[in-house]
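Engineer: Build the 3D model from these lines:
(one chain, ligands or ions: 1)
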Amino acid sequence: MIVENVDRIAKITRELGVYQWRAIYVYAALVAAAFCFLAVRILRDRSRPVAVGYDGDIQGRGRYGLSILEISRLSDIPHAHVCSGRGRCGTCRVRVDAGADRLSAPEGLERGTLARVGAAAGERLACQALVLGDGVQVTRLLPAYADATAAQAPQEWRADRAVPAAESTT
Ligand code: FES
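Structural biologist: Residues are numbered from 1 along each chain as shown. Presented below is the predicted three-dimensional model:
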């Protein structure tokens, strides 16, 4: 009787071992499939072309996930960027006229810079806002020749005044 029970337990243990390995294989296959699906999706999204409209009549083209500033530069559209896209100067800022929901959400660095330069609601830093779909329309708020003074005195470089106040009065 004891020998039979030991044999039975050994047999059940072997069978459970087989099922355990099968479950591990299935689990590993599902995880690998999920990774492949995610990788294909990311690669497909990253190579997807997107267009951005500037100032009502200029069209820039780039790829999903690039910033507005990167698309400007790829498309040879002059765009101020005193800090070279590090999100500090505020000179690249744009007013988003359409498609705000197809841009990445502003993060802490961008929010801080926008607050410092006194940006109005609906303004974004072109170097920080990533384009996640078509239909984005923006207006560049500073001329491409804006220099470091634009970052130092942002209140004098507003959308409705493309040159610093000091220059406009001379
Ligand atoms: S280039 Fe300076 S904040 Fe965007």
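Engineer: Centre of the chain to whichever strand or helix holds L16, how far?
Structural biologist: Element membership for L16 (DSSP states H and E) is helix 2-46. Distance, stretch centre to chain centre, for helix 2-46: 37 Å (CA atoms, centre = their mean, to the nearest Å).
Engineer: So which bits of this protein are right by the ligand?
Structural biologist: Residues of the chain found near the ligand, taking CB under 6 Å from any ligand atom as the criterion, are 81-83, 85-92, 113, 125, 127. The way it works is simple: take the backbone N, C-alpha and C, and place the C-beta from them, glycine included.
Engineer: sorry, back to before: buried residues, the very next helix or strand once past the helix holding L16. List them.
Structural biologist: Where DSSP H and E defines the elements, the next helix or strand beyond helix 2-46 is strand 49-54. Residues of strand 49-54 classed as buried under the neighbour-count rule (16 or more other CB atoms under 10 Å) are 50-54.
Engineer: ok, and the closest non-adjacent residue to R86?
Structural biologist: C127 (7.3 Å; CB to CB, 6 or more residues apart in numbering).
Engineer: so what's L132 closest to, chain neighbours aside?
Structural biologist: In space, and not counting its chain neighbours, L132 is closest to R102: 5.2 Å by CB to CB, 6+ apart.
Engineer: thinking again about what came up before, for ChimeraX, write the selection for the buried entries among the residues of the chain next to the ligand.
Structural biologist: Only the buried entries of those go into this ChimeraX selection, using 16+ other CB under 10 Å:
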select :81,82,83,85,87,88,89,90,91,92,113,125,127
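Engineer: which residues touch the closest residue to I58 other than its chain neighbours?
Structural biologist: Excluding the flanking residues, the one nearest I58 by CB to CB, 6+ apart is I77, at 6.0 Å. Under the criterion of CB atoms under 8 Å, 6 or more residues apart in numbering, the contact partners of I77 comprise 54, 58, 60, 71.
Engineer: Return the set of buried residues in the host helix or strand of Q59.
Structural biologist: When elements are defined using DSSP H and E, Q59 is found to belong to strand 58-63. For strand 58-63, the buried set under the neighbour-count rule, 16+ other CB under 10 Å, comprises 60, 62.
Engineer: Quick check, pLDDT for R161.
Structural biologist: The predicted local distance difference test score for R161 is 51.
Engineer: Show the backbone phi and psi for the residue nearest to R86.
Structural biologist: Listed backbone geometry of C127 is phi -80, psi -10, with angles given as degrees, to the nearest 10.
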